[in-house]
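Enquirer: next comes the sequence, and after it the predicted model I'd like to discuss.
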Amino acid sequence: MLLASALAALAYVITGRDWLHWLALHLALLGGVSQLVLGAGQFFVCAFLATDPPPRRLIAGQLVAWNAGTLLVAVGVPTASGPLTDTGGALIAVGLVLFAAALRGMQRHSLQRARWAVRWYQACAACLGVGALIGILLARETPWQAGSLLGAHLALNLGGWLGMAIVGTLHTFFPSLTQTRLRFPVLQGPTFTLWLLGVAQLALGAAFSVAFVIAAGWLALMLAACLLTVNVGASLRAAPRPLALPAQLMSLAQAFLAAGLMFALAMTISKGPGGPLLGAERSVLAVLLLAGWIGLTICGALLHLLAVLARVRRFTVAMPAPAPVRDPALVFAAGLAISAMAASRVPSLSVLDGPATVVVLMILTLLGVRVLGLALRALRTPAGAGS
């Protein structure tokens with residue numbers, strides 16, 4: 001799905017057709033990143049609850065429903081085919097129900113009672129369910145004069161579904177990645193409450209165009225990000241050195257989360273409810289949150305999880321060793337290039353756009369090649385070999 005998204009993005013650059021831009025985002029976020037959320041969510045819940053994984057048929061059902069739904073929507077929206085779009089949305093809903101059933105099954109069969117192992121994923125699935133319904137209204141061009149359905153759709157899908165999944169997973173994943181423990185587990189409750197409240201406020205504020213509700217939503221998300229940063233920073237300080245590349249990428253990603261949320265709050269206060277989503281401001285926010293936060297987080301997660309998968313299938317396979325010089329240089333270049341790309345959206349700094357975009361594409365290509373290599377190694381490794 002991510003490769004197909006890259007091809008759609010390339011076709012958009014060549015032809016300039018807007019539907020290809022939408023298709024690239026759809027395949028990347030719903031087909032690619034969302035499937036990582038589905039898989040990683042069940043992986044971490046299974047590990048945290050120390051229970052059996054979901055049955056293979058249940059996993060297969062999720063894969064079939066999610067991919068079929070994603071592809072049907074990908075065809076139905078550009079062709080304005082209501083039946084295809086509706087069927088695709090229904091299949092995605094089936095995939096979500098199966099995902100929720102898998103989480104519930106693992107929770108029921110576990111002897112442990114770890115509420116946070118499941119709560120983040122249940123909440124993010126609920127957000128996507130509501131966001132998908134709004135998406136169907138948008139695809140049908142339903143009249144809505146009170147505010148922006150698109151804004152509510154983006155808040156629920158990006159902030160609720162992807163955002164909650166990433167923030168929730170980091171509470172378990174980042175300490176594991178850095179070989180530490182969650183330093184302040186008591187902060188997870190307030191982080192969850194603030195993030196969910198922020199997403200709900202953004203969605204309602206956008207749907208009904210209420211400026212102070214939108215500002216309150218950005219503020220709640222920023223406070224939640226600050227609490228998350230406390231735990232991420234504590235793990236970083238306690239982690240053995242040198243840090244692995246995935247840990248460095250995900251640390252940098254959280255800095256872009258803070259920068260994006262502060263920028264959105266400032267634009268909302270200065271320019272009104274639509275401030276962060278109009279003109280150059282929208283492009284800046286997209287670079288900071290999509291490329292900087294979600295993009296780097298996903299790259300780091302894939303690099304680590306695929307290496308772990310190969311090792312689980314064959315214990316003689318070694319984890320990639322940190323490169324004390326190359327890895328920090330790559331992370332520094334990524335941070336500098338994404339920052340320059342965001343800054344280039346300001347007209348007076350547009351000269352930075354070309355060089356920054358080239359560097360970002362080069363880094364993403366390099367990371368993509370590494371991810372594909374790890375994926376192929378995991379697929380080629382026979383299960384149980386050498387154990």
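Expert: Done, it's in. Computed from a predicted structure; not experimentally measured. Numbering: from 1, shown residues only.
Enquirer: residues near Trp218, how many?
Expert: Residues lying near Trp218 (other CB atoms under 10 Å) number 25. Quick note: C-beta positions are derived from backbone N, CA and C, even for glycine.
Enquirer: just give the nearest non-adjacent residue to it, would you?
Expert: Spatial nearest neighbour of Trp218, excluding adjacent residues (CB to CB, 6 or more residues apart in numbering): Leu265 at 4.0 Å.
Enquirer: wait, that neighbour sits on Ala220?
Expert: No: using CB atoms under 8 Å, Leu265 is not in contact with Ala220; the gap is 10.0 Å.
Enquirer: what about Thr297, which helix or strand?
Expert: Per DSSP states H and E, Thr297 falls inside helix 296-313.
Enquirer: counting by contacts, list what whatever helix or strand comes next after that helix packs against.
Expert: Using DSSP H and E, the helix or strand that follows helix 296-313 in sequence is helix 326-343. Contacts defined by 3 or more CB pairs under 8 Å, 6 or more residues apart in numbering; DSSP states H and E place helix 326-343 against helix 245-271, helix 353-380.
Enquirer: comparing these, which comes out most buried?
Expert: helix 245-271 (a mean of 21; mean count of other CB atoms under 10 Å).
Enquirer: and that helix with helix 326-343, angle?
Expert: Comparing the axes of helix 245-271 and helix 326-343 via axes from the mean of the first three to the mean of the last three CA atoms, to 10 degrees yields an angle of 20 degrees.
Enquirer: what helices or strands is whatever helix or strand comes next after helix 245-271 leaning on?
Expert: Next helix or strand after helix 245-271 toward the C-terminus (DSSP H and E): helix 279-286. Helices and strands touching helix 279-286, by 3+ CB pairs under 8 Å, 6+ apart, are helix 245-271.
Enquirer: what do you get if the cut-off is 10 Å, keeping everything else the same?
Expert: Judged by 3 or more CB pairs under 10 Å, 6 or more residues apart in numbering; DSSP states H and E, the packing partners of helix 279-286 are helix 245-271, helix 326-343.
Enquirer: got the buried residues for the shortest one?
Expert: What that stands for is helix 326-343. With burial defined by 16 or more other CB atoms under 10 Å, the residues of helix 326-343 counted as buried are 327, 330-331, 334-335, 337-343.
Enquirer: contacts for stretch 69-84 next, please.
Expert: With contact meaning CB atoms under 10 Å, 6 or more residues apart in numbering, stretch 69-84 is reached by 1, 4, 8, 17-20, 22-23, 26-27, 29-32, 34-35, 85-96, 132, 135-136, 138-141.
Enquirer: next one: it to chain centre, how far?
Expert: In terms of CA atoms, centre = their mean, to the nearest Å, the centre of stretch 69-84 is set 23 Å apart from its chain centre.
Enquirer: confidence score at Ala318?
Expert: pLDDT, Ala318: 77.
Enquirer: please apply the same query to Leu277.
Expert: 74.
Enquirer: with the one 10 residues further on instead?
Expert: The predicted local distance difference test score for Val287 is 93.
Enquirer: please look at it and Ile338 and confirm they touch.
Expert: Yes: contact criterion CB atoms under 10 Å: Val287 and Ile338 qualify, at 6.4 Å.
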